[in-house]
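**Q** quick one: sequence plus predicted model below, questions after.
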Amino acid sequence: MAIDYQAMLYAALALGSGLPMLLRPRGHWRRAQGAWERRRAELDAGAAERFFEEGRSLQAYPPPASPRRTQLLGAGLTLGGLVLAGLAVFG
């Protein structure tokens, strides 16, 4: 039985990014919300835009209203990583 090391690497990457999103989604959500609010305040105070129509972009695409989507994405990445690890070892 040979182990597929490339698949194990992808599984480790998926698990490494998925588990924190699954277990602690509020931290990521708070950082995104804070960064969005800070940048909106800077632009409202007259700061220059970093790219074309940054202000309209921030207005059109605010951060999610709750961390639920981040947690669901983390669950999907974690499940995919576990399946991929299983296939790499037993497949």
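**A** Now that the structure is in, tell me what you want to look at.
**Q** ends of stretch 57-75, what's the gap?
**A** 28 Å (Cα to Cα, to the nearest Å).
**Q** show me what counts as buried in that stretch.
**A** L58, P63, P67, T70, Q71, L73, G74 (16 or more other Cβ atoms under 10 Å). All C-beta atoms are positioned from the backbone trio N, CA, C, and that covers glycine.
**Q** next one: stretch 35-50
**A** R39, L43.
**Q** contacts for that stretch?
**A** If you take Cβ atoms under 8 Å, 6 or more residues apart in numbering as the criterion, stretch 35-50 is touched by E54, G55, L58, P62, P63.
**Q** quick one: stretch 19-27 to chain centroid distance?
**A** Centre-to-centre, stretch 19-27 and its host chain are 9 Å apart (Cα atoms, centre = their mean, to the nearest Å).
**Q** and the contacts of that stretch?
**A** Stretch 19-27 has contacts (Cβ under 8 Å, 6+ apart) with H28, P67, R68, T70, Q71, L73, G74, A75, L77, T78.
**Q** the helix or strand harbouring the last one packs against which elements?
**A** It refers to T78. Counting by DSSP states H and E, the element that carries T78 is helix 68-90. For helix 68-90, the packing partners by 3 or more Cβ pairs under 8 Å, 6 or more residues apart in numbering; DSSP states H and E come out as helix 5-23, helix 25-44.
**Q** what's the angle from it to helix 5-23?
**A** On the basis of axes from the mean of the first three to the mean of the last three Cα atoms, to 10 degrees, helix 68-90 is oriented at 150 degrees to helix 5-23.
**Q** surely V89 touches A2?
**A** No - V89 lies out of contact with A2 (Cβ atoms under 8 Å); the separation is 9.6 Å.
**Q** who's more crowded, the two?
**A** Legend: neighbour count by other Cβ atoms under 10 Å for V89 and A2, higher for V89 (14 against 6).
**Q** relative to P25, how far out is that one?
**A** 29 Å (Cβ to Cβ, to the nearest Å).
**Q** could you export the helices and strands packed on helix 68-90 as CSV, including distance to V83 and mean pLDDT?
**A** As requested, those are exported to CSV (distance: least, Cβ to Cβ, whole Å; pLDDT from 0 to 100):
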stretch, distance to V83, mean pLDDT
helix 5-23, 8, 96
helix 25-44, 21, 93
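**Q** all good on my end, thank you.
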